[in-house]
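Q: My questions are about this predicted structure, shown below with the sequence.
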Amino acid sequence: MFSLALASLVSFASVALAEEAAPETFGDAHPSSAQKWDGVRHGVRTGYVFVNDAAEVGLRDPNLFALGYEMEFVVAGDRKLDFIVVNNFLVLGINQGEFIPTSNVLVGLSMYDYVKFGVGANVTPDFSGNSWVHMVAAVEVAPTVGKLQLPVAVSYIPDVNGHFRVGATVGVNWPRK
């Protein structure tokens, strides 16, 4: 009788354990992480940059047209937060007959694949004796339409000599396969 009761208990326990098997991978235990996207988005940008004290750096007007290309490397976190590395190349001053190349590299965070912010380095040639390398900080809102993102970004580049820059760009991003 005791062996029959023990056999029934073991049989019941094995059925209960079989119904609640442990997940095999981290992705099975956290399905939101398994569905996130790691990859690269890239696209074109156009916009406006204001240069404070533009005449002191050789510009006729403080208002510059910006045109360029950007790549965003995404490392998936969870549903709410991803790590991003953004680098872009812009040409400024075409509206003044100037060709001023500028490049930015930023590291930051993307929240809900919608709001992004980051800080990093900006490199712009400056022939007035000012430094070529500056800090840059940016905030972006990027609504998604299908597979495309339509980013609107604002950036600030401080300068110890008072030649700070403020910019706004719009563009389109698409994923690279």
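A: That came through, no problem. What you see is a predicted model; the values in this text were computed from it and never measured. Numbering: from 1, shown residues only.
Q: Low-confidence ranges, the protein, go.
A: 1-37, 127, 177 (pLDDT under 70).
Q: how many neighbours does Pro158 have?
A: Pro158: 14 surrounding residues under other C-beta atoms under 10 Å. Where C-beta positions appear, they are placed from N, C-alpha and C, glycine not excepted.
Q: check contacts around it.
A: The neighbourhood of Pro158, defined by C-beta atoms under 8 Å, 6 or more residues apart in numbering, consists of 134-135, 164.
Q: Which of the residues you listed are buried, as a PyMOL select command?
A: Only the buried entries of those go into this PyMOL selection, using 16 or more other C-beta atoms under 10 Å:
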select buried, resi 134
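Q: May I see the contacts of Pro158 arranged in a markdown table, with distance to Asp113 as well?
A: Output for the contacts of Pro158, formatted as a markdown table (distance: C-beta to C-beta, whole Å):
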| residue | distance to Asp113 |
| --- | --- |
| His134 | 29 |
| Met135 | 26 |
| Phe164 | 30 |
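Q: which among the contacts of Pro158 gets closest to Gly77?
A: Met135 (24.7 Å; C-beta to C-beta).
Q: OK, contacts around the closest one?
A: Here Met135 is in contact with 119-122, 157-158 (C-beta under 8 Å, 6+ apart).
Q: Just the ones of those residues in strands?
A: Counting by DSSP state E, these place 119-122, 157 in strands.
Q: Now tabulate these in JSON lines and tack on neighbour count.
A: Listed next are those as JSON lines, based on neighbours: other C-beta atoms under 10 Å:
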{"residue": "Val119", "neighbour count": "12"}
{"residue": "Gly120", "neighbour count": "16"}
{"residue": "Ala121", "neighbour count": "15"}
{"residue": "Asn122", "neighbour count": "22"}
{"residue": "Ile157", "neighbour count": "21"}
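Q: and of these, the nearest to Gly43?
A: Checking the ones in strands among the contacts of Met135 one by one against Gly43 (C-beta to C-beta), the nearest turns out to be Gly120, at 18.5 Å.
Q: ok, now which ones touch that closest one?
A: 86, 104-108, 135-136.
Q: do the same with Val115
A: 139-142 are the contacts of Val115 under C-beta under 8 Å, 6+ apart.
Q: What of Pro62?
A: Counting by C-beta under 8 Å, 6+ apart, Pro62 has contacts 50-54.
Q: Show me which of the residues you listed are buried.
A: 51, 54.
Q: Out of the contacts of Pro62, which two are the most distant from each other?
A: Phe50 and Asp53 (10.8 Å).
Q: before we move on, the earlier item: can you tell me which of the contacts of Val115 has the most neighbours?
A: Glu140 (23 neighbours).
Q: in what helix or strand does the spatially closest residue to that residue that is not a sequence neighbour lie?
A: By the measure of C-beta to C-beta, 6 or more residues apart in numbering, the closest residue to Glu140 outside its immediate chain neighbours is Ala153, 4.0 Å from it. Taking DSSP states H and E as the criterion, Ala153 maps to strand 152-157.
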